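J.: need coordinates for the following:
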Amino acid sequence: MKFFTKKILKREDYDKGLVLLKELRDKSQKEKGCISYELYRDFDDEYTVIINEEWESLEDQKVHSKSEHFLRIVPAMKELCKENFDLVRYEEKIK
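T.: Coordinates of the predicted model:
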């Protein structure tokens, strides 16, 4: 199961937000069921971070969403962002 979202950080909070997102990534990558958890900088907007994650199952992702680091970092990110986007779930490439 794959997930995608993006965060548009406030310029003045970019460094603080990036520290938190890296912590979220690093701790999430160690969780059971995490296949990948990556951060990407948007090519056209340096303050936009793309989060792309893949989990073995929806259940693993739900457990992740109840982890200490998720429950602490995700609400904190709302204060640092100009705009937040909903999490998008997707499965496989369309052939």
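J.: secondary structure class for the one residue sitting closest to the centre of the chain?
T.: The residue lying closest to the centre of the chain (Cα atoms, centre = their mean) is Ile51, at 4.0 Å. Secondary structure, DSSP: H, G, I helix; E, B strand; the rest coil: Ile51 is strand.
J.: tally of neighbours for Val63?
T.: 15 (other Cβ atoms under 10 Å). Glycine gets a C-beta too; all of them are placed from N, C-alpha and C.
J.: that one: helix or strand, and which one exactly?
T.: helix 58-64 (DSSP states H and E).
J.: for that helix, packing partners?
T.: strand 48-55 (3 or more Cβ pairs under 8 Å, 6 or more residues apart in numbering; DSSP states H and E).
J.: quick one, helices of this protein?
T.: Secondary structure of the chain (DSSP state H): helices located at 14-28, 58-64, 68-80.
J.: those: which one's closest to Thr5?
T.: helix 68-80 (10.1 Å; Cβ to Cβ).
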